[in-house]
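1. Everything below, folded, please.
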Amino acid sequence: MSAFNLSVSKGWIAQRLDVCFDREYYFDPKLRHAVDTRCAEYVERELGDLDACFTESNLGRREYIHPNQVLIGGIQPNMILGMLLGAEFVPGMDKDADISPEYFASRSLDELPPLETLVNHPLIRRFTEQIETIEQEGQCVPIPPFFWDESGRAAVHGALTTAQKFLGAAVFMDLVADPQSVKTIMGWITDANARLVRHFAQAAGIEKIDHIHIGECSGCMVGGEQFAELVVPEASRLGKTVAPVRFHCCGKSDHLLEAFAKIENLVSLDLGGETSMALVRDIFGGDFPVSIAPPVAILSQGKTDTLLDWASQACEQNDGGPLSIVCHLEPQYDLEAVRSLARFVGEIEDRG
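-> Numbering: from 1, shown residues only. Have a look, this model is predicted:
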């Protein structure tokens, strides 16, 4: 069984609408709602046949996104943690935002703030107060930080990926030279994520955290043994203490699949398109839910035949298991190739 899900990036929208994703967009809920509404209406007009939605890459889901929702903050999770440590927020204006790079690289681990102080940080208090204001006004439903729709699914970046954001590429050298320091900061990241997810769920009245999406985008840059030693325990802690895990890893993850299987309370995978679906099914079985994204290199080429060849191979290797092919529409992608991919997957779905 295969399905196709398309989300639309800020970069793609900014080339077609007179919108600006500036600082105020992220920190003024009413402005955020107005801009997001314009973007969503444009996507519905232009891409309604594809059931596309305007949201972060593969995080918000169309069936749980409604016009009366307003994202509070709506900033990537590792950037929120970074700002709690003093990083500068850098709006992308016509693309995704970022924070100042490697802002913790020259600092001591002793400077990591105590976990119990995080909810009193001015940024967290500001977002919490915005949630309360939106609820009191009663016109919109606030979607708190770390959440992207009304499904109750939280999203965080994985501990290794966030550590790389904090420290830069040097984190991979530290894994060899000073692994304990990396473990310490990864442990803090996991605990901070868990604490903030629970805080914002409570603030927004989310009674049950349905799942937690862990985006370990840097995972494919380490070996299987390192991954099992460093990343699996952190992901498992979130699976045990927060919610069932949807685990994301970019790139080719064949060498990590056996380690993924050790994550406690893992219920689905979200993978890069270079990963072998045949190997996924060998390890996880035919009933395990998986989503997979076409390789960026193929999407950027705009060659429909190459894209459909990839999709055909993925679906064949999948052998009828629950599979979603996901795509986040970026400015450099050929829209007609994406439409062809959607039709191809739809035909497979119709055939059952």
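2. average pLDDT for stretch 58-77?
-> Mean per-residue pLDDT for stretch 58-77: 96.
3. Show me what counts as buried in it.
-> Neighbour counts over stretch 58-77 (16 or more other CB atoms under 10 Å) mark 58-62, 64-65, 69-77 as buried. Every residue, glycine included, has its C-beta placed from N, CA and C.
4. same question, stretch 120-132
-> Across stretch 120-132, burial judged by 16+ other CB under 10 Å covers His121, Leu123, Ile124, Phe127, Thr128, Gln130, Ile131.
5. shouldn't the first one be in contact with Leu84?
-> When you say that, I think you mean His121. Yes: using CB atoms under 8 Å, His121 is in contact with Leu84, at 5.4 Å.
6. Quick check: mean pLDDT of stretch 206-219?
-> pLDDT averaged over stretch 206-219 gives 97.
7. Also stretch 34-49?
-> So the average pLDDT for stretch 34-49 ends up being 98.
8. buried stuff in it?
-> Val35, Asp36, Cys39, Ala40, Tyr42, Val43, Leu47.
9. what do you get for stretch 252-269?
-> By 16+ other CB under 10 Å, the buried positions in stretch 252-269 come out as Ser253, Asp254, Leu256, Leu257, Ala259, Phe260, Ile263, Asn265, Leu266, Ser268, Leu269.
10. what's the helix or strand for the fourth one?
-> Element membership of Leu257, judged by DSSP states H and E, is helix 257-260.
11. Equivalent analysis for Ser291, please.
-> Here Ser291 is assigned to strand 290-293, by DSSP H and E.
12. Then His328?
-> Using DSSP H and E, His328 falls in strand 323-329.
13. any idea which helix or strand comes after that strand?
-> Immediately after strand 323-329, counting by DSSP H and E, sits helix 335-351.
14. Which elements pack onto the helix holding Leu257?
-> Counting contacts by 3 or more CB pairs under 8 Å, 6 or more residues apart in numbering; DSSP states H and E, helix 257-260 packs against helix 224-241, helix 277-284.
15. where along the stretch 101-250 of the chain do the strands fall?
-> Taking DSSP state E, counting those that start in this stretch to define them, one finds strands in the stretch 101-250 of the chain at 141-143, 153-157, 211-215, 245-249.
16. Need the residues that contact the first one.
-> The set of residues external to strand 141-143 that reach it, using CB atoms under 8 Å, 6 or more residues apart in numbering, is 29, 66, 68-72, 74, 130-131, 134-135, 149-150, 204.
17. sorry, back to before: among the buried residues of stretch 34-49, which lie within helices?
-> The members of these that map onto helices under DSSP state H are Val35, Asp36, Cys39, Ala40, Tyr42, Val43, Leu47.
18. Among those residues, find me the one that's closest to Asp191.
-> Asp191 lies nearest to Asp36 out of these, by CB to CB, at 31.2 Å.
19. All the helices of the stretch 51-200 of the chain, in order from the start?
-> In the stretch 51-200 of the chain, the segments counted as helices under DSSP state H, counting those that start in this stretch are 77-84, 122-137, 159-167, 170-177, 179-203.
20. any idea of the angle the fourth one forms with helix 179-203?
-> Regarding helix 170-177 and helix 179-203, their directions subtend 130 degrees when assessed with axes from the mean of the first three to the mean of the last three CA atoms, to 10 degrees.
21. which residues touch helix 170-177?
-> By CB under 8 Å, 6+ apart, helix 170-177 touches Glu102, Ala105, Leu160, Ala163, Gln164, Leu167, Ser181, Val182, Met221, Val222, Gln226, Leu230.
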